[in-house]
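1. Predicted structure and sequence below. I'll ask about it afterward.
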Amino acid sequence: MAFVTTIKDETKDEMAGRQESPAGGIGLDVYDRRVPIYLTARQFVRDVCADLKPEMRLILKFASDTDEALFLFDKGLAEYLETLFKKALRLRTTAIIKERMLTRPDKAQNYQAIIEEDTQLALWFTAQPEEIRARFTPFLQLGSNHTID
């Protein structure tokens, strides 16, 4: 019976390092798996804002790099990352539509609406660095017994 208790206690101790700690933070192993997704999201927004015409390769790489978010964060954060993906796709689409409108005047009937949507998407993306920090902060707090000196 002591052997079973020892295994149970070891498993409980291992899990404590992977889950939220009693002090309200996470262990280093969880932090090390979560922080790359945070950094990827921040870099993605910087890349999108650089010219506001994100390449499909960039958008698909972001989707691939953040695919595990559902398992590492809550549903709300995973949905937020999906929103970043979808809005980047839409921004790419509006850029393509604007280019076509310049070369084909017959397609320019909705030009003003596309410009307004494009502007709103650009403004939304420029506000995202702060939003990313706010959304990720609760998930990246180290427990008191896992501080980095």
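-> Arrived safely. None of these values were measured; they are calculated from a predicted model. Numbers count the residues shown, from 1 in each chain.

2. Mean pLDDT per helix and strand in the chain: which one sits at the bottom?
-> helix 2-18 (a mean of 40; mean pLDDT, DSSP states H and E).

3. Can you name the element that comes right after that one?
-> Once the chain leaves helix 2-18, the next helix or strand it forms, by DSSP states H and E, is helix 28-51.

4. distance between that next one and the chain's centre?
-> 6 Å (Cα atoms, centre = their mean, to the nearest Å).

5. So which bits of whichever helix or strand comes after that helix are buried?
-> Using DSSP H and E, the helix or strand that follows helix 28-51 in sequence is helix 56-65. By 16 or more other Cβ atoms under 10 Å, the buried positions in helix 56-65 come out as 58-59, 62-63, 65. Placement of C-beta: from N, CA and C, glycine included.

6. ok, the residues you listed vs Ala88, which is closest?
-> Ile59 (4.9 Å; Cβ to Cβ).

7. Was I right to think the closest one contacts Arg90?
-> No - counting by Cβ atoms under 8 Å, Ile59 stays clear of Arg90, with 10.3 Å between them.

8. Longest helix in this structure, please.
-> Longest helix in the chain by number of residues (criterion: DSSP state H): helix 75-103.

9. That helix: how far from the chain's middle?
-> 15 Å.

10. Which elements pack onto it?
-> When contacts are defined as 3 or more Cβ pairs under 8 Å, 6 or more residues apart in numbering; DSSP states H and E, helix 75-103 sits against helix 28-51, helix 56-65, helix 69-72, helix 111-126, helix 128-136.

11. JSON lines for the buried residues of helix 56-65, including distance to Thr40 and pLDDT?
-> Shown next, in JSON lines, are these (distance: Cβ to Cβ, whole Å; pLDDT from 0 to 100):
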{"residue": "Leu58", "distance to Thr40": "11", "pLDDT": "98"}
{"residue": "Ile59", "distance to Thr40": "12", "pLDDT": "98"}
{"residue": "Phe62", "distance to Thr40": "7", "pLDDT": "98"}
{"residue": "Ala63", "distance to Thr40": "10", "pLDDT": "98"}
{"residue": "Asp65", "distance to Thr40": "5", "pLDDT": "97"}
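
12. Which pLDDT value belongs to Asn145?
-> The score at Asn145 is 66. That number is its pLDDT.
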